[in-house]
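Student: here's a sequence, model it:
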Amino acid sequence: MMLINGCAGMSENSTKSHSCSNEWYALVEKQIPSGDGQGHGPDMGSLEWRSVIEFKLGIRGNATIPPLKSDQWCSYINTRFISQP
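Tutor: Here you go, the predicted model:
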């Protein structure tokens, strides 16, 4: 039982790093800038921002991608495109 609790904690921590959080949005923005280089761009984490990220990755319109509004979208992007620090 102790081992199961330990694994659950590890899984929870690793999942948390993939969640839709301000820290995660900043990590994505650093690797895939959504702005025009002059300080203009969508608000990080907004649906517009998520759409721009999909566009920049060349995956917009792909039916296998989870909905923009979902936490699964963040996990999908994180797993396939984001380098962890």
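
Student: can you give the contact residues for the strand or helix carrying residue 28?
Tutor: When elements are assigned from DSSP states H and E, residue 28 belongs to helix 22-31. With Cβ atoms under 8 Å, 6 or more residues apart in numbering as the contact definition, helix 22-31 has outside contacts at 17-18, 44-45, 49, 53, 74, 77-78, 81-85. Where C-beta positions appear, they are placed from N, C-alpha and C, glycine not excepted.

Student: pick out the residue nearest the middle of the protein.
Tutor: In the chain, the centroid-proximal residue (Cα atoms, centre = their mean) is residue 74; its distance is 3.4 Å.

Student: neighbours of the closest residue to it other than its chain neighbours, how many?
Tutor: Nearest in space to residue 74, with sequence neighbours left out and distances taken as Cβ to Cβ, 6 or more residues apart in numbering, is residue 20 at 4.2 Å. Neighbour count of residue 20, defined by other Cβ atoms under 10 Å: 18.

Student: need the contact list for residue 20.
Tutor: Counting by Cβ under 8 Å, 6+ apart, residue 20 has contacts 45, 71, 73, 74.

Student: now the two most distant members of those.
Tutor: Using Cβ to Cβ, the two most remote members of these are 45 and 71, lying 11.7 Å apart.

Student: more neighbours: which of those two?
Tutor: Neighbours per residue (other Cβ under 10 Å) separate residue 45 from residue 71, with residue 45 holding more: 17 against 13.

Student: sorry, back to before: in the helix holding residue 28, what counts as buried?
Tutor: 24, 25, 27, 28, 29 (16 or more other Cβ atoms under 10 Å).

Student: then stretch 47-57?
Tutor: Of the residues in stretch 47-57, those buried (16+ other Cβ under 10 Å) are 49, 50, 52, 53, 54.
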